[in-house]
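Peer 1: Sequence and computational prediction follow.
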Amino acid sequence: MYLELSHLIILAISALITSSISAVLGMGGGIILLGIMAIIIPQGYMVIALHGVIQLFSNTTRTYIFRSHIKKNIINEFIVGALIGAGISALIVFSLIQFYEVNSASEIKVDFLKPIIGVFIIWYLFLKGPKKEKKSKSFVKVGLISGLASIFVGATGPLIAPFFLSSSLTKENIIANKAACQTITHLTKIPLFIYFFNVSYVQEYSLLLPLILAVYIGTNLGKKLLSFIPEKMFRILFKTALTIIAVKLIVGEFLGI
């Protein structure tokens, strides 16, 4: 895919800034970058496919930097659900290809879940009872949701973020485990884009390499900024950012934003 140098520079700067945001808040950067990429790159499926690789490296870097704060039980449960979810999403895409009688899923518009995700986030944050939230301890279903939705939505960070708002998790725990879970999600998604959408990531190296370097720098910068944010303030910022993203997902889809 050919991009003008000015567009590549814009994307690289955006990747650096948004990865810093994600390192500070644990999310938000990915969906902002997805929106910017959607403006510059015309093919919707390519936006999600390329965004997945960039976010894979962003989340992998974040996972490594905060590795001492990872909880293995969360990750192990998430992996099981993510693999099941990816399997179901593969069946859905295969069924759509057969139904529309096309050669590749790239000919089908599959990005249709954003408003639903926005409503889910608002419900989970403000309408769901605290007792039910306390009972929701297994991350298998979180992985299932993420693995199922990732290929259709792209940035599933806000979708799974509410599940990490537990009193037992510190700000570093939230960022580390959420990043690790998103890394798993992207790893399960990328093969689906190669097989069903005929995406060749190797051919896109000139776009991917500068953005991967940018997210690495941005993540390290964000970690330094995080140390200056108190725990209570982090939770307020986390919920505020998540609420803004939810409203954007709901309203933006209908207004074409």
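Peer 2: Received, thanks.
Peer 1: Flag the shaky bits of the stretch 51-200 of the chain, pLDDT-wise.
Peer 2: 110-114, 129-137, 167 (pLDDT under 70).
Peer 1: change it to 50
Peer 2: Low-confidence segments of the stretch 51-200 of the chain, defined by pLDDT under 50: 132-135.
Peer 1: Would you map the helices across it?
Peer 2: 72-100, 114-122, 130-135, 140-153, 157-160, 171-196 (DSSP state H, counting those that start in this stretch).
Peer 1: other SSEs contacting the longest one?
Peer 2: Looking back up the chat, that one is helix 72-100. Where contact means 3 or more Cβ pairs under 8 Å, 6 or more residues apart in numbering; DSSP states H and E, helix 72-100 is packed against helix 140-153, helix 171-196. (Glycine included, C-beta is placed from N, CA and C.)
Peer 1: which residues are in contact with the helix or strand just after the longest one?
Peer 2: This points to helix 171-196. Later in the chain than helix 171-196, the nearest helix or strand by DSSP states H and E is helix 205-226. Contacting residues not belonging to helix 205-226 are listed as 1, 3, 8, 11-13, 15-24, 29, 50, 53-55, 57-58, 61-62, 65-66, 171-172, 175, 201, 234 [Cβ atoms under 8 Å, 6 or more residues apart in numbering].
Peer 1: Weed out the non-buried ones from the residues you listed.
Peer 2: Among the contacts of helix 205-226, those classed as buried by 16 or more other Cβ atoms under 10 Å are 11-12, 15-24, 29, 50, 53-55, 57-58, 61-62, 65-66, 171-172, 175, 234.
Peer 1: Contacts for the helix or strand where S19 lies next, please.
Peer 2: Assigned by DSSP H and E, S19 falls within helix 5-25. Residues from elsewhere that reach helix 5-25 (Cβ under 8 Å, 6+ apart): 3, 28-30, 32-33, 36-37, 40, 54, 58, 61-62, 65, 157, 175, 179, 207, 210-211, 213-223, 225-226, 229, 234, 237-238, 241.
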